[in-house]
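Curious how this folds, go ahead:
(2 chains)
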Amino acid sequence: QQQVKQSPQSLIVQKGGISIINCAYENTAFDYFPWYQQFPGKGPALLIAIRPDVSEKKEGRFTISFNKSAKQFSLHIMDSQPGDSATYFCAAPGTASKLTFGTGTRLQVTL
Amino acid sequence: DAGVTQSPTHLIKTRGQQVTLRCSPKSGHDTVSWYQQALGQGPQFIFQYYEEEERQRGNFPDRFSGHQFPNYSSELNVNALLLGDSALYLCASRGGLAGTDTQYFGPGTRLTVL
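Numbers count the residues shown, from 1 in each chain, chains lettered A, B, ... in the order given. Next up is the predicted model:
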């Protein structure tokens, strides 16, 4: 069974700081790398995703960096805000869009 | 346009009972997947339905079964409930099996087994 290893498990960042979450994967056949954001009591919501033909994708304050040779991808949240406090999951699709999720990172942005 | 909807929101059952959870996919979507999310963990894939057939299955016992109806809605059934089945059950939908189109998740059903 393919695994996606995510770190850190939890993260505390001051308002305005940069939050960085990392994921490592095993299966080189993965071709789509999404990040999901989940608030308490809610289902995960797609935040941003990247394909391996590019090394970086930016959407607003959120950036994915992809390192194909190291089989790693990371999420950067610039100018972190208290409203960003949530649990973040990286994921990779297996066959026929079966998502394999990382273990999650609980982000807390303090004032 | 309604997104993925699930019912009920919360459910309390006792060990040994059976439960049925329901999901309506996002408009235009025909593929439904079910995930189990234990507290503090990432979602785990249970199975996926397309054209009313189970297409893929994760590492879950046969006590977990499902169904997809002609209108693409889906049910998840769990028999002989165990305490360890307590979790948030998530339904996700997308259009078709192939490709990397986004999966959209519903809010989940919180199942508590006492």
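
use CA for all of it now, contacts and neighbours both
Noted.

Can you list the low-confidence ranges for chain A?
A:1-2, A:28, A:94-97 (pLDDT under 70).

And the residue nearest the centre of chain B?
residue B:34 (3.0 Å; Cα atoms, centre = their mean).

where does that one land in three-state SS?
strand (DSSP: H, G, I helix; E, B strand; the rest coil).

Please report the distance of the closest residue to it other than its chain neighbours from residue B:76.
Distances taken as Cα to Cα, 6 or more residues apart in numbering or on different chains put residue B:91 closest to residue B:34, at 4.6 Å, once the chain neighbours are dropped. Noted for residue B:91: a distance of 9 Å to residue B:76, by Cα to Cα, to the nearest Å.

next one: residue B:12
Residue B:12 is 16 Å from residue B:76, by Cα to Cα.

These two: who's more crowded?
Under the criterion of other Cα atoms under 10 Å in any protein chain shown, the comparison of residue B:12 against residue B:76 puts residue B:76 first, with 21 against 11.

For that one, which residues count as its bridge partners?
Using DSSP bridges, the beta-bridge partners of residue B:76 come out as residue B:21, residue B:66.

what about residue B:87, neighbour count?
Neighbour tally, residue B:87, other Cα under 10 Å: 20.

Just the pLDDT for the closest residue to it other than its chain neighbours.
Closest residue in space to residue B:87, ignoring its immediate chain neighbours: residue B:38 at 4.6 Å, by Cα to Cα, 6+ apart. Per-residue confidence (pLDDT) for residue B:38: 94.

Could you tell me which residues make contact with residue B:38?
By Cα atoms under 8 Å, 6 or more residues apart in numbering or on different chains, the residues touching residue B:38 are B:86, B:87, B:88.

Which residues of chain A lie near chain B?
Residues of chain A lying near chain B by Cα under 8 Å from any Cα of the partner chain: A:31-32, A:41-46, A:89, A:93, A:96-104.

For the one residue in chain B that gets nearest to chain A, grab the count of nearby residues.
Residue nearest to chain A within chain B: residue B:107 (4.3 Å; Cα to the nearest Cα). By other Cα under 10 Å, 22 other residues sit near residue B:107.

repeat for residue B:39
10.

Going along the chain, name the strands of chain A.
Assigned by DSSP state E, chain A shows strands spanning A:4-7, A:10-14, A:19-25, A:33-38, A:45-50, A:56-59, A:62-67, A:72-77, A:86-93, A:99-101, A:105-110.

Next to chain A in this structure, residues from chain B, please.
Counting by Cα under 8 Å from any Cα, chain B comes close to chain A at B:33, B:40-45, B:48, B:56, B:90, B:97-100, B:102-108.

Filter the residues you listed down to the buried ones.
Listed as buried from the residues of chain B next to chain A are B:33, B:42-45, B:48, B:56, B:90, B:97, B:100, B:102-108; burial here means 16 or more other Cα atoms under 10 Å in any protein chain shown.

ok, residue B:60 - contacts?
So residue B:60 contacts residue B:46 (Cα under 8 Å, 6+ apart).

can you tell me which helix or strand it belongs to?
Following DSSP states H and E, one finds residue B:60 outside all helices and strands.
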